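prediction below, plus the sequence it came from.
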Amino acid sequence: KVVSVSEDALWGGVVEVEDANGVTWRYCGVAAPAVKAGQRDSRRRAGHCGSIPAETSGDAHIHLECVKDGAYLDPEGLM
């Protein structure tokens with residue numbers, strides 16, 4: 001489920017999605033978000049790869065975070 005879609009001064013476009021296990025997947029650097037809070041369609045693309053103002057790299061990329069119960073998890077281990 002899409003929990004929130006927002007714009008952050010440091011992270012750019014941020015899309016937060018909660019999965020069936022209660023893990024929140026936070027996609028930062030999303031340009032032109034294609035989802036809205038409350039959507040449950042898992043086949044939909046979140047948006048386009050954009051920039052992250054807080055990072056020095058000018059290359060377009062997505063910063064991914066996974067959080068459960070306030071603790072950060074390793075996204076690679078969950079994929």
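Received, thanks.

for this structure, which segments count as helices?
75-78 (DSSP state H).

any low-confidence regions in it?
42-43, 57 (pLDDT under 70).

what pairs with the closest residue to S6 other than its chain neighbours across the strands?
Spatial nearest neighbour of S6, excluding adjacent residues (Cβ to Cβ, 6 or more residues apart in numbering): V14 at 5.1 Å. Heads up, the C-betas are built off the backbone N, CA and C, glycines and all. As for beta bridges, V14 partners with S6, C28 under DSSP bridges.

give me the most central residue, this structure.
Y27 (1.5 Å; Cα atoms, centre = their mean).

pull the number of nearby residues for the closest residue in space to that residue that isn't next to it in sequence.
Excluding the flanking residues, the one nearest Y27 by Cβ to Cβ, 6+ apart is V15, at 4.6 Å. V15 sits with 23 neighbouring residues when counted by other Cβ atoms under 10 Å.

check contacts around V15.
By Cβ atoms under 8 Å, 6 or more residues apart in numbering, the contact list for V15 reads 2, 4-5, 26-27, 30, 33, 35, 46-47.

okay, now the closest residue to D41 other than its chain neighbours: neighbour count?
Setting aside the residues directly before and after it, D41 is nearest to V35 in space (Cβ to Cβ, 6+ apart), at 7.9 Å. Neighbours of V35 under the rule other Cβ under 10 Å: 17.

again with D74
8.

let me see the contact set for it.
Contacts of D74 by Cβ under 8 Å, 6+ apart are C66.

now swap in G12 and tell me
G12 neighbours (Cβ under 8 Å, 6+ apart): 28-31, 50-53.

measure it to E55 for me?
Going from G12 to E55 by Cβ to Cβ, to the nearest Å gives 9 Å.

quick one: which of the contacts of V15 is most hemmed in?
Neighbour max across these (other Cβ under 10 Å) = V30, 25 neighbours.

re earlier: now tabulate the contacts of G12 in CSV and tack on distance to L64.
Shown next, in CSV, are the contacts of G12 (distance: Cβ to Cβ, whole Å):
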residue, distance to L64
C28, 8
G29, 9
V30, 11
A31, 15
G50, 14
S51, 15
I52, 11
P53, 17
